[in-house]
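*Asks:* my questions are about this predicted structure, shown below with the sequence.
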Amino acid sequence: MKNILRYCKAILIMGALVLVASSATVRTAEASGGTQLCAGVGTSCEFTHNGHTHYLKGCCVAY
Amino acid sequence: MTNPSATPGPLRGRSYLLLDNSAWVFVAAFMALAGIDKLFHYPGFVNAINDYRILPIPLGKYLAPVLISLELGVGAGLCRRSWRRSAARLSTLLLVILTIAWSANKALGARGICGCWFSINMGNDRVHLILNITLIFLSLLIWYGEADRPLALDSTSERVLRRRPLD
């Protein structure tokens, strides 16, 4: 039983690592200007500078 | 207590040690990094919480410090043997609540970000959901696995027992 639990732990850790490694990307799209999904649109996340709408750093994710 | 290296089976010695400890190390690192990441992007995290449609009023400025503290607390708690079981229970509870809140938010049609990570993208929503469920099961396994592991005596307890031996 204990060994089964140990194997389960190992499988779950490997699964989580695979998910993170395959899907996680460093967030660089904010600088490069990709398509973005931003939190708090219309709230303090959004601000206008020189006539352009900008988002507070950390409010947006690329998708 | 049985000696792991003497137990028959395919796993022995270091393999046992590695498998027994890898789960809490992984979850502790994950939680601590998530908390630290949110500290570095605090205004974004407050806004992400405010964007949750399931909240009747924007509670970001109140919930953000609580959630960050809980994540960092779980990360630290998992590192200490005597706190590990409680920290694993708290981790499970926290992940379940956050996953339900995020799923409900998506179901209500919100387009805001999850607020879980800011320095990295966690792929699409489905991958993120599967990862959360994986972490929930890992936390449960840590909680269950710690139940029958006797606590090692720390130096203070050993000194007390040496002075006043048990009958």
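*Replies:* Perfect, I can see it now.
*Asks:* what's the helix or strand hosting B:Ile100 in contact with?
*Replies:* Secondary structure assigned from DSSP states H and E places B:Ile100 in helix B:84-107. The contact list for helix B:84-107 (C-beta atoms under 8 Å, 6 or more residues apart in numbering or on different chains) reads B:24, B:27, B:31, B:52-54, B:67, B:70-71, B:73-74, B:76-78, B:80, B:112, B:114, B:116, B:125, B:129, B:132-133, B:135-136, B:139-140, B:142-143, B:146-147. Yep, even glycine has a C-beta here, placed from its N, CA and C like the rest.
*Asks:* filter the residues you listed down to the buried ones, ChimeraX style.
*Replies:* Buried members of those, defined by 16 or more other C-beta atoms under 10 Å in any protein chain shown, are picked up in ChimeraX with:
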select /B:24,27,31,52,67,70,71,73,74,77,78,112,114,116,129,132,133,135,136,139,140,142,143,146
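*Asks:* okay, now the unreliable bits of the chain?
*Replies:* As the question left the chain open, I've gone with chain A. A:25-63 (pLDDT under 70).
*Asks:* if you could check chain B rather than the one you did, that'd help
*Replies:* For chain B, the ranges with pLDDT under 70 are B:1-13, B:110-112, B:121, B:123, B:148-167.
*Asks:* do a quick rundown of the strands in chain B.
*Replies:* Under the criterion DSSP state E, chain B contains strands at B:120-122.
*Asks:* show me which helix runs longest in it.
*Replies:* helix B:13-40 (DSSP state H).
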